[in-house]
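>>> 3D, please:
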Amino acid sequence: MIRVRKLLPFLLAITIGVVQPLFEVAPSAAQEAESPISTTAWSPDSTRYATGDYDGYVQIWDAATGQLVEAFPAPDFNLSGPPLITSISWSSDGVLLAIAASASTQPSAYVWTLDLTTGQTTMFEGASLIYAAALNPDGTLLAVGVEVWEGYRIKVWDVASQQLIAELEDFSDVILSVAWSPDGTRLATCSADAASAIWDTATWTRLMTLGEFPTHPTLWGAWSPDGTKLATTSIQGTALIWDTITGQLVMTLTSHDDESLYEIVWSPDGSMLAGVSPHSLKIWDAATGAQIGTLETEAYLDTLAWSPDSAYILYGGVGFTEPQLVEPSTLIEPVATPTPTPTETPTATPTATRVRPGSTGDWLAIHRDIHRAGVAAGAAGDVEA
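As a prediction, the model looks like this:
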């Protein structure tokens, strides 16, 4: 019997400093999207979105046309195989991307920034495993969740000076998500040790731990737009909504199936949340917790992002080689109407649920699970090798 996390090919830790000189990465607009999507992110102005894939490419898409504009390969880290892009974070001015990647064939993971205007990259961190990296709201700080020889920790870098300014060490298992509060004063972390935590970014001290459920590792954390709540997801198929002032659990969202709930996002106005399970995208009313919309798919999906202008939800996963866009309003299920009286004429209400066929087989989900969800499942108990 071995834990799923032990299946990961990340057995050694590599801790290195900032690399100088900077790499130059040439974009290629001709690079076709042929590899499954691993992560997604919107530009702040909603005109572009970025995706990462299993072949180490970060792709930039035009939101108006859906066309691939540029594709940037990962810098040459002397790996024996292409890295899986595990995280993308966009700076507030739309110029800089922070990117994390883990190699699938040897124990190496890296995080770097990419200047979209020049193609210049700066490498900030090397480790045995990196799932989570995020720029703070003004783009001056970069938080990275790493696994190194010494254990699991968050490292915080000053982007301009490339200096390490903080290191948070109070973790006992893999860090799966980091998220800055909208005002940048707090940092939320989710990890496979089942704990979600909120940290003060002025003192870098832990403010609170949001419940510890040893059998239900937390996979993802997302702040409400006003910073008063944090949504976290788990492999048990639920999302927990926490009050970030009191630390109290205020609501539980259910996915109405037995599948894990991976990523979750708030609508820009805070009135709704959207989350993804392996074969569905769900929308909840943030005030009532009621599930009000569903998109079902035969393909495997596990990543999504809501556009800042509220117009679209971007989603993807190992079942998709191109990102998908959907208007949230088309997924909202109609409110049930009372049975009409004899004097009323009933009208048909079309369903808002869309079904998309799979573009690749579910076998790819195994690879994805090993890289993200599988590592959390390993924390919940042993599985057969």
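>>> helix or strand for residue 144, which one?
Using DSSP states H and E, residue 144 maps to strand 141-148.
>>> after that strand, which helix or strand is next?
strand 151-158.
>>> that following strand pairs with which strands?
strand 141-148 (antiparallel), strand 163-168 (antiparallel) (DSSP bridges).
>>> distance of residue 305 from residue 252?
Using Cβ to Cβ, to the nearest Å, one gets 23 Å for the distance from residue 305 to residue 252. Any C-beta I mention is one placed from the backbone N, CA and C, and that applies to glycine too.
>>> so the two - more neighbours on which side?
Taking neighbours as other Cβ atoms under 10 Å, residue 305 and residue 252 compare with residue 305 leading, 23 against 10.
>>> residue 278 versus the more buried one, what's the distance?
Distance from residue 305 to residue 278, by Cβ to Cβ: 18 Å.
>>> repeat that for residue 237.
Distance of residue 237 to residue 278, given as Cβ to Cβ: 10 Å.
>>> overlap in contacts, the two.
Between them, residue 237 and residue 278 share these contacting residues under Cβ atoms under 8 Å, 6 or more residues apart in numbering: 259, 260.
>>> ok, the two, which is more surrounded?
Ranked by neighbour count (other Cβ under 10 Å), residue 237 and residue 278 place residue 278 first, with 22 against 18.
>>> ok, that one touching residue 302?
Yes: the pair residue 278 / residue 302 is scored as a contact, 6.7 Å apart, by Cβ atoms under 8 Å.
>>> can you list residues touching both of those two?
Common contacts of residue 278 and residue 302, defined by Cβ under 8 Å, 6+ apart, comprise 262, 317.
>>> can you pull out the low-pLDDT segments for the stretch 1-150 of the chain?
Low-confidence segments of the stretch 1-150 of the chain (pLDDT under 70): 1-33, 78-81, 104-107.
>>> run the last query once more with 80
By pLDDT under 80, the weakly predicted segments of the stretch 1-150 of the chain are 1-34, 76-82, 103-107, 125, 127-128, 148-150.
>>> hmm, back to that, for residue 291, find the nearest of the strands paired with strand 151-158.
strand 141-148 (29.8 Å; Cβ to Cβ).
>>> how distant is the closest one from the center of its chain?
15 Å (Cα atoms, centre = their mean, to the nearest Å).
>>> do stretch 272-287 as well
In terms of Cα atoms, centre = their mean, the centre of stretch 272-287 is found 14 Å from the chain centre.
>>> got the buried residues for it?
Across stretch 272-287, burial judged by 16 or more other Cβ atoms under 10 Å covers 272-284, 286.
>>> nearest to residue 318 among these?
Nearest to residue 318 among the buried residues of stretch 272-287, counting by Cβ to Cβ, is residue 278 at 9.5 Å.
>>> and for the nearest residue to the closest one once chain neighbours are set aside, the neighbour number?
In this structure, residue 278 finds its nearest non-sequential neighbour in residue 259, 5.0 Å apart by Cβ to Cβ, 6 or more residues apart in numbering. For residue 259, the count of nearby residues is 15 (other Cβ under 10 Å).
>>> same question for residue 288.
Here the number of neighbours of residue 288 (other Cβ under 10 Å) works out to 9.
>>> the chain should start at 201 in everything you say after this.
I'll keep to 201 as the first residue from here, and by that count the last item is residue 488.
>>> checking it next. Helix, strand or coil?
Assigned with DSSP: H, G, I helix; E, B strand; the rest coil, residue 488 falls in the coil class.
>>> could I get the pLDDT score of it?
With respect to pLDDT, residue 488 has a value of 95.
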